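Student: Fold the following, please.
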Amino acid sequence: MASGAEDASYRDKFLRDEAIKKLCDKLRIQPKRKLILRGNFIAGTGAQAIAELVATQDELTELSLEWNQLGNKGGIYFADALKTNRSLLTLDLKNNSIGSDAAISLAEAIFENPMLKTLDLRWNQVLFCHN
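Tutor: Below you'll find the model as predicted:
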């Protein structure tokens, strides 16, 4: 872990995708261990920017994105990021309009990422059917 890495909270700041992209650029230079982005308006391009950050950062161990608007596309971005990230222990994606397709992609990504211990998908639109 890089020296100087610390926690950062941007909880309920109503940040939109453009501000999130700028924040991710800053976090590439000044990485954090814990990042809280709960309750913003993060959707498509913001979700993609954060997922790209997750895929390349080895300092980040906890990421909270609950109460945003990631949707299925955002969930799939994070599934792809988890395939290469080896530091993230906790990923909170509660209440993000994530559907079953993205949830399945996230579940598959867990098999490729032995480090992730907690993935929270409560309060999304995940429907599982079994035979």
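
Student: where along this structure do the strands fall?
Tutor: In the chain, the segments counted as strands under DSSP state E are 6-9, 32-36, 62-64, 90-92, 118-120.

Student: Which positions in the fourth one come out as buried?
Tutor: Along strand 90-92, these residues count as buried under the neighbour rule (16 or more other C-beta atoms under 10 Å): 91-92. From N, CA and C alone the C-beta is placed, and that goes for glycine too.

Student: strands paired with that strand, and their directions?
Tutor: Using DSSP bridges, the strands paired with strand 90-92 in its sheet are strand 62-64 (parallel), strand 118-120 (parallel).

Student: same thing with the first one?
Tutor: Sheet partners assigned to strand 6-9 using DSSP bridges are listed as strand 32-36 (parallel).

Student: Reformat the strands of the chain into JSON lines and put mean pLDDT and distance to F78 next to each item.
Tutor: As requested, the strands of the chain are arranged in JSON lines below (pLDDT from 0 to 100; distance: least, C-beta to C-beta, whole Å):
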{"stretch": "strand 6-9", "mean pLDDT": "96", "distance to F78": "18"}
{"stretch": "strand 32-36", "mean pLDDT": "98", "distance to F78": "13"}
{"stretch": "strand 62-64", "mean pLDDT": "98", "distance to F78": "9"}
{"stretch": "strand 90-92", "mean pLDDT": "98", "distance to F78": "7"}
{"stretch": "strand 118-120", "mean pLDDT": "97", "distance to F78": "9"}
